[in-house]
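Student: can't give you the sequence, but here's the structure:
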């Protein structure tokens with residue numbers, strides 16, 4: 001694969017390469033599979049370059065919401081001055097990044113989500129093919145795919161890069177599938193290489209996962225989807241460490257298996273909850289006139305489950321599904337859309353009702369005050385009719 005001409009890729013890589021190896025680097029990522037794989041790819045590349053002080057942290061959705069919020073910055077502010085690398089988030093976090101710069105952080109954003117405002121955050125560098133000034137032909141890379149391209153720029157002069165390259169492309173391929181990115185162009189190259197290389201991996205956690213899931217009864221594709229499902233059961237602790245990251249960086253097989261068993265147990269609980277919520281949602285939808293946009297939720301529906309519920313409903317009813325968990329004052333939701341329907345465009349058209357939102361065309365999330373829920377629903381339906389009716 002050739003080095004990517006995505007805007008700022010070379011400039012950011014040159015900047016990082018010129019930094020003293022004793023400088024502190026903080027990598028902050030989303031908690032999902034794409035975010036975790038992105039953090040791992042950047043960490044491995046920087047470690048290969050010789051950086052000694054690399055800290056990794058993950059978004060704590062339950063208390064901080066999505067993205068790089070002021071609450072997140074409050075947790076890491078004492079680490080300034082440092083190079084802060086935001087992966088799989090940041091493109092719309094103007095306030096958090098502006099404050100980070102004031103505190104002494106140099107900021108690099110590597111994100112694949114749609115910018116939600118014409119005014120981009122004041123980062124030192126932004127790597128995102130959806131940047132309005134970016135002319136790269138392919139816009140639908142996962143964040144881990146962008147980080148993989150970035151790692152290749154960082155290590156282009158490393159004569160022994162091949163083995164690390166195989167490790168990194170496995171992670172990028174898993175993330176591309178997990179984040180439901182279209183399997184074409186760059187993504188197809190990354191995923192095909194991952195499929196070729198994954199069965200022979202010696203990386204401890206991936207080897208343990210394959211040994212459990214790649215059986216005579218399952219194809220490699222089925223095993224990969226089971227691996228992703230297990231990783232998706234991960235949670236982030238109060239120290240901002242994701243269980244899936246701890247698993248994928250574990251070098252002791254017995255400890256890796258123990259973490260896998262914990263995630264599997266939690267995933268089985270999620271499966272039961274998911275089916276209960278899907279049944280409840282289907283009953284409601286079947287009792288009412290089906291609208292162009294599915295908009296359904298409940299009090300304290302587990303946030304870990306609603307994304308899977310939205311995915312099932314979007315597939316079953318072939319329309320965008322907004323599934324939410326309503327709390328005392330605020331509601332948080334997940335969105336999944338069928339092919340060729342852009343859920344971010346729908347939310348952007350109704351952003352006046354939201355406190356936060358983001359994502360990419362097939363998948364996204366939102367946060368809203370409870371009193372605005374029905375206004376948001378009606379706005380989504382109206383704009384769906386304008387955009388797709």
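Tutor: Yes, it's here. The shown structure was predicted, so the numbers you read here are calculated from the model rather than taken from an experiment.
Student: for this protein, which helix is longest?
Tutor: Ranked by residue count, the top helix of the chain under DSSP state H comes out as helix 253-287.
Student: Can you give me the buried ones in it?
Tutor: For helix 253-287, the neighbour count (16 or more other Cβ atoms under 10 Å) marks 256-257, 259-260, 262-263, 266-267, 270, 273-274, 277-278, 281-282, 285 as buried. From N, CA and C alone the C-beta is placed, and that goes for glycine too.
Student: Next: stretch 60-69.
Tutor: 60, 61, 64, 65, 66, 67, 68, 69.
Student: Ok, stretch 160-177 next?
Tutor: Neighbour-count burial for stretch 160-177 [16+ other Cβ under 10 Å]: 161, 164-177.
Student: Specify which member of these is nearest to residue 300.
Tutor: Closest to residue 300 out of the buried residues of stretch 160-177 is residue 175 (29.4 Å), distances taken as Cβ to Cβ.
Student: distance of the nearest residue to residue 5 once chain neighbours are set aside from residue 129?
Tutor: Nearest in space to residue 5, with sequence neighbours left out and distances taken as Cβ to Cβ, 6 or more residues apart in numbering, is residue 136 at 6.2 Å. According to Cβ to Cβ, to the nearest Å, residue 136 and residue 129 sit 5 Å apart.
Student: which neighbours do these two share?
Tutor: 6, 7 (Cβ atoms under 8 Å, 6 or more residues apart in numbering).
Student: Pick out whichever of these two has more residues nearby.
Tutor: Neighbours were counted for residue 136 and for residue 129 using other Cβ atoms under 10 Å; residue 129 has more, 21 against 17.
Student: Distance of the more buried one relative to residue 377?
Tutor: Distance from residue 129 to residue 377, by Cβ to Cβ: 32 Å.
Student: give me the element the closest residue to residue 203 other than its chain neighbours is part of.
Tutor: Closest residue to residue 203 apart from its sequence neighbours, by Cβ to Cβ, 6+ apart: residue 167 at 6.2 Å. Assigned by DSSP states H and E, residue 167 belongs to helix 162-178.
Student: which secondary structure elements does that helix contact?
Tutor: helix 33-49, helix 143-154, helix 185-197, helix 220-231 (3 or more Cβ pairs under 8 Å, 6 or more residues apart in numbering; DSSP states H and E).
Student: circling back to that earlier point, could I get the contacting residues of the residue nearest to residue 203?
Tutor: Shown in contact with residue 167 (Cβ under 8 Å, 6+ apart): 44, 201, 203.
Student: and the first one, how many neighbours?
Tutor: Just to be clear, that refers to residue 44. 19.
Student: ok, now the second one?
Tutor: Residue 201 is surrounded by 16 other residues when neighbours are defined as other Cβ under 10 Å.
Student: likewise the one 5 residues further on?
Tutor: Around residue 206 sit 20 other residues, with neighbours defined as other Cβ under 10 Å.
Student: In which helix or strand does it reside?
Tutor: Take DSSP H and E as the rule and residue 206 turns out to sit in helix 204-213.
Student: Helix 253-287 and that helix, what's the angle between them?
Tutor: 60 degrees (axes from the mean of the first three to the mean of the last three Cα atoms, to 10 degrees).
Student: which outside residues touch helix 204-213?
Tutor: So helix 204-213 is in contact with 170, 198-199, 201, 222-223, 226-227, 230, 247-253, 256-257, 259-260, going by Cβ under 8 Å, 6+ apart.
Student: low-scoring stretches of this structure, by residue?
Tutor: Applying pLDDT under 70 to the chain flags the ranges 62-63, 65.
Student: Outline the domain layout of it.
Tutor: As assigned by automatic domain parsing, the chain contains the domains 9-171, 290-388.
Student: and of the ones you listed, who's closest to residue 193?
Tutor: For residue 193, the closest of these is domain 9-171, at 4.9 Å, according to Cβ to Cβ.
Student: And the closest one, how far out from the chain middle?
Tutor: Relative to the chain's own centre, domain 9-171 is displaced by 12 Å; criterion: Cα atoms, centre = their mean, to the nearest Å.
Student: What is the end-to-end distance of it?
Tutor: Start-to-end span of domain 9-171 (Cα to Cα, to the nearest Å) is 19 Å.
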